[in-house]
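>>> any chance you can model this:
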Amino acid sequence: MSATTPPPLAPQCRVVRAGEGFIGKQGLTYTVGISAGSVGARGIHLQIVRIPPGGRARAHKHEAHETAIYALEGVSHVWHGERLEHHAVVRAGDFFYIPANVPHLPYNPSLTEECVAVIARTDPNEQESVVLLPELEANVDAMRPVPA
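Next up, the predicted model:
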């Protein structure tokens with residue numbers, strides 16, 4: 001380290017206030033809490049996701065990173081698997097786990113209620129591991145939404 005390079009900051013506890021949301025590559029609105037950018041996290045990312053009534057994400061996966069979700073409000077449905085051939089229903093109070101590299105596409109079948117969930121991921125940078133899978137979009141368009 002040179003005399004002009006400051007030493008790296010030591011990790012410390014911090015309170016992070018929710019800022020403005022942003023639309024991620026997946027097409028959903030996220031509010032970042034804990035990340036590499038907000039606190040210098042090295043192995044975790046924590047955020048809130050909102051899926052509006054009738055909304056859905058783009059088909060995607062998180063390369064080499066696991067995802068854990070806790071549903072706060074509403075009912076979300078998720079197509080998942082290599083061809084999005086599997087389906088899950090995630091209700092408020094449920095936890096949902098997505099292994100690394102598993103394609104998935106969450107959506108909100110309700111036309112009146114928003115879905116809100118807390119997401120924790122092993123990628124502290126959040127959007128860097130997102131891989132969009134447009135080749136799976138035709139599969140989704142051919143699927144009939146499962147009623148809420």
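>>> for the chain, which spans come out with low pLDDT?
Where the chain drops to pLDDT under 70, the residues are 1-10, 141-148.
>>> residue ranges of the helices in the protein, please?
36-39, 137-142 (DSSP state H).
>>> buried residues in the first one?
Of the residues in helix 36-39, those scored as buried under the neighbour-count criterion (16 or more other Cβ atoms under 10 Å) are 36, 38-39. For glycine as for every other residue, the C-beta is placed from the backbone atoms N, C-alpha and C.
>>> include distance to I48 when you put the helices of the chain into JSON lines, please.
Converted to JSON lines, the helices of the chain look like this (distance: least, Cβ to Cβ, whole Å):
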{"stretch": "helix 36-39", "distance to I48": "13"}
{"stretch": "helix 137-142", "distance to I48": "24"}
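>>> residues near the nearest residue to V32 once chain neighbours are set aside, how many?
Nearest non-adjacent residue to V32, counting by Cβ to Cβ, 6 or more residues apart in numbering: Q47, 4.8 Å away. Here the number of neighbours of Q47 (other Cβ atoms under 10 Å) works out to 21.
>>> how much space separates Q47 from Y30?
According to Cβ to Cβ, to the nearest Å, Q47 stands 5 Å off from Y30.
>>> who touches both of the two?
119, 126 (Cβ atoms under 8 Å, 6 or more residues apart in numbering).
>>> who's the residue minimising distance to the centre of the chain bridged to?
Among the residues of the chain, the one closest to the centroid is I119, at 5.7 Å (Cα atoms, centre = their mean). For I119, the beta-bridge partners are Q47, I69 (DSSP bridges).
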